[in-house]
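Chemist: need coordinates for the following:
(4 chains)
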Number of protein chains: 2
Amino acid sequence: MDRTALTLYELSKCMKSKSDDFSISSSEFGKCLSVSQQTASRLLNELEAAGMISCTRGGKGQVINMTEKGLSSLNDMLLNLRAFLECAKEPLAIEAKVATGFGEGAYYIQAYAKKLEAALGFAPYPGTLNLKPTKPYPAIDRFASGEIAGFTENNRSFGAVKYVLAKLSSKSWEEDCFILLPQRTHHVVELEVVAREKLRDKRSIKDDDVVTLTICV
Amino acid sequence: MDRTALTLYELSKCMKSKSDDFSISSSEFGKCLSVSQQTASRLLNELEAAGMISCTRGGKGQVINMTEKGLSSLNDMLLNLRAFLECAKEPLAIEAKVATGFGEGAYYIQAYAKKLEAALGFAPYPGTLNLKPTKPYPAIDRFASGEIAGFTENNRSFGAVKYVLAKLSSKSWEEDCFILLPQRTHHVVELEVVAREKLRDKRSIKDDDVVTLTICV
DNA sequence: ATTACTAACTTTCGAGTAT
DNA sequence: TATACTCGAAAGTTAGTAA
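Modeler: This next block holds a predicted model:
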């Protein structure tokens, strides 16, 4: 179990703000975590190796700064906690830009076609709409309405895929769709969406159009 | 290093909302954490033993609910992350009710008198105003402007105390003060405040009056 | 006063397995 | 299928120190 995130969180509790250049000794940090100076020192080195913080060491103490990666990791925690604790207020909406993708969508949809049809209850248009969220969003696996198990076909293996029921909308229209979440890769930068029809044509969507995905709970 | 909070956070990522009665097997939870089914099972038992969740076990899977304690632990994380990531917006303000305390304040202030005077730059009124926050607030240790080391006097030992510069205010007045943070005890339910004068008299404060503490950064 | 190495100690993990 | 036990192995922790 990776404790990087926890260590980073504990470190953030010692810092006044995200832009605070702050100085802490390993023994002081150790007191905050109730561990020895040696362990605290190692933990700080691990955070640095993971790219979460940058430190400049000197004879007495070290000056620590959060990196962008560290801040984004803490921001993910914040987003996930919000989604969990403040959920009931409004359904989760993700703003995204239409993107081109690698054109592999069609190939995959064909491979998964029968299983998708069985799972979703309809035969999806054989292609995916790729969407690039405009800002960080919380983990949506938890809203998955089902999962297609991995399988092997023609000596090629296809991984498991979860699917989340969502509404894709723009100012003037709304369509039902499913977000596909490959279970292999973490930290997806583009979401792939399938629907009954070819939405690019039906709704005249072009690359870089901004649309909203609203997760159906 | 205690990982309860991290495990709870990871569990929350699997749940749809805080009120979700949700069912997960130990092997599924293990996959989320990248640990074995055995470890996941043990972690869930630890969370239950710590009072963070309640589970009902059956032949297949277990139904998990977050307890109030678990929710408040996650809420603490949320508050701390907010304070860290969204800091610049406005200074941290804590709304609190005036409380009676155990009357020990005066005794302590006397014991710490000389050290407090040296640290704060003035001789505080020999008593503390006890304040009970009306809602959870983020950790404020990080804003400490200094610390008085522990010491022993007349065979009695006095622990270390950090102090945070703050403004105590009501609708019609504002006073400089210091929040005292004993370093021994965690999870303080009442904050103790010292000031130059006896604020109860000067500002006619009574128990249950609502005041605001604003941390000076 | 620092940080951080090595070596010994302690805790945690997970394969095998019982229930 | 589950959960969860034992126990040998792996990982983490810290005391003693070096730098």
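Chemist: and the gap between residue A:94 and residue A:214?
Modeler: Separation of residue A:94 from residue A:214 (CB to CB, to the nearest Å): 8 Å. Yep, even glycine has a C-beta here, placed from its N, CA and C like the rest.
Chemist: comparing those two, which residue is more hemmed in?
Modeler: A side-by-side neighbour count of residue A:94 and residue A:214, using other CB atoms under 10 Å in any protein chain shown, places residue A:94 first with 20 against 15.
Chemist: name the residues of stretch A:111-131 that are buried.
Modeler: For stretch A:111-131, the neighbour count (16 or more other CB atoms under 10 Å in any protein chain shown) marks A:112, A:116, A:119, A:120, A:124, A:125, A:127, A:128, A:129, A:130, A:131 as buried.
Chemist: tell me the confidence at residue A:59?
Modeler: On the pLDDT scale, residue A:59 is placed at 61.
Chemist: can you count the residues close to the closest residue to residue A:215 other than its chain neighbours?
Modeler: Counting by CB to CB, 6 or more residues apart in numbering or on different chains, residue A:215 lies nearest to residue A:92, which is 4.4 Å off, once chain neighbours are set aside. Residue A:92 has 20 neighbours, counted by other CB under 10 Å.
Chemist: over to residue A:81?
Modeler: Residue A:81, neighbours per other CB under 10 Å, totals 22.
Chemist: ok, now how distant is the residue nearest in space to the middle of chain A from residue A:141?
Modeler: In chain A, the residue lying closest to the centroid (CA atoms, centre = their mean) is residue A:187, at 4.8 Å. According to CB to CB, residue A:187 stands 12 Å off from residue A:141.
Chemist: for chain A, what lies in contact range of DNA strand C?
Modeler: Contact residues (CB under 7 Å from any atom of the strand) of chain A with DNA strand C: A:1, A:25-28, A:37-38, A:41-42, A:44-45, A:57, A:59-62.
Chemist: so which of those residues wins on neighbours?
Modeler: Counting neighbours by other CB under 10 Å, residue A:44 leads the residues of chain A next to DNA strand C with 22 neighbours.
Chemist: is DNA strand D contacted by the strand or helix carrying that residue?
Modeler: Assigned by DSSP states H and E, residue A:44 belongs to helix A:37-49. Yes - counting by CB under 7 Å from any atom of the strand, contacts between helix A:37-49 and DNA strand D involve A:38, A:39, A:42, A:43.
Chemist: quick one: contacts for the first one?
Modeler: Going by CB atoms under 8 Å, 6 or more residues apart in numbering or on different chains, residue A:38 touches A:26, A:30.
Chemist: kindly report the same for residue A:156.
Modeler: Applying CB under 8 Å, 6+ apart, the residues contacting residue A:156 are residue A:111.
Chemist: can you tell me how far it sits from residue A:210?
Modeler: 35 Å.
Chemist: same thing with residue A:122?
Modeler: In this view, residue A:122 and residue A:210 are 27 Å apart by CB to CB.
Chemist: what's the answer for residue A:203, then?
Modeler: Relative to residue A:210, and taking CB to CB, residue A:203 is found at 13 Å.
Chemist: okay, and the common contacts of the two?
Modeler: residue A:170.
Chemist: more crowded one of those two?
Modeler: Each of residue A:203 and residue A:210 has its neighbours counted (other CB under 10 Å); residue A:203 has more, 19 against 12.
Chemist: what's the closest non-adjacent residue to the more buried one?
Modeler: Leaving aside its sequence neighbours, residue A:203 sits nearest to residue A:173 (CB to CB, 6+ apart; 5.6 Å).
Chemist: again, but for residue A:147
Modeler: residue A:162 (4.7 Å).
Chemist: residues of chain A that sit close to DNA strand D?
Modeler: A:30, A:35, A:36, A:38, A:39, A:42, A:43.
Chemist: of those, buried ones?
Modeler: Judged by 16+ other CB under 10 Å, buried ones among the residues of chain A next to DNA strand D: A:30, A:35, A:43.
Chemist: let me see the ranges of the strands in chain A.
Modeler: With strands called from DSSP state E, chain A shows them at A:22-24, A:53-57, A:62-66, A:93-99, A:129-133, A:146-148, A:151-153, A:156-158, A:161-169, A:174-182, A:191-194, A:210-215.
Chemist: highest average neighbour count across these?
Modeler: strand A:191-194 (a mean of 23; mean count of other CB atoms under 10 Å in any protein chain shown).
Chemist: so residue A:214 touches residue A:96, yeah?
Modeler: No - counting by CB atoms under 8 Å, residue A:214 sits too far from residue A:96 to count as a contact (11.2 Å).
Chemist: what's around residue A:136, how many residues?
Modeler: 11.
Chemist: low-confidence ranges, chain A, go.
Modeler: Low-confidence segments of chain A (pLDDT under 70): A:58-60, A:103.
Chemist: switch to 50 and redo it
Modeler: By pLDDT under 50, chain A has no low-scoring segment.
Chemist: what residues does it have near chain B?
Modeler: Residues of chain A lying near chain B by CB under 8 Å from any CB of the partner chain: A:1-3, A:5-7, A:9, A:12-19, A:33-35, A:39, A:43, A:71, A:74-75, A:77-78, A:80-82, A:84-85, A:87-88, A:139, A:141-143, A:217.
Chemist: that older thread, the buried residues of stretch A:111-131 in helices, which ones?
Modeler: In this view, the buried residues of stretch A:111-131 that belong to helices under DSSP state H are A:112, A:116, A:119, A:120.
Chemist: now residue A:206: closest residue in space that isn't a chain neighbour?
Modeler: residue A:98 (6.8 Å).
Chemist: that neighbour contacts residue A:209, doesn't it?
Modeler: Yes - Residue A:98 is within contact range of residue A:209, at 4.7 Å (criterion: CB under 8 Å).
Chemist: how about the CA coordinates for the longest helix seen in chain A, as CSV?
Modeler: In chain A, taking DSSP H as the definition, the longest helix is helix A:68-85. Taking Å, rounded to 0.1, in the frame of the first residue of the first chain, the C-alpha atoms of helix A:68-85 are listed here in CSV:
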residue,chain,number,x,y,z
GLU,A,68,3.0,20.8,-9.4
LYS,A,69,2.8,17.1,-9.2
GLY,A,70,2.5,17.2,-5.4
LEU,A,71,-0.2,19.9,-5.6
SER,A,72,-2.1,18.0,-8.2
SER,A,73,-2.0,14.8,-6.0
LEU,A,74,-3.4,16.8,-3.0
ASN,A,75,-6.0,18.3,-5.3
ASP,A,76,-7.1,14.9,-6.3
MET,A,77,-7.6,14.0,-2.7
LEU,A,78,-9.6,17.1,-2.2
LEU,A,79,-11.8,16.4,-5.3
ASN,A,80,-12.4,12.8,-4.2
LEU,A,81,-13.3,13.8,-0.6
ARG,A,82,-15.6,16.5,-1.9
ALA,A,83,-17.3,14.1,-4.3
PHE,A,84,-17.8,11.7,-1.4
LEU,A,85,-18.8,14.1,1.4
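Chemist: no further questions, thank you.
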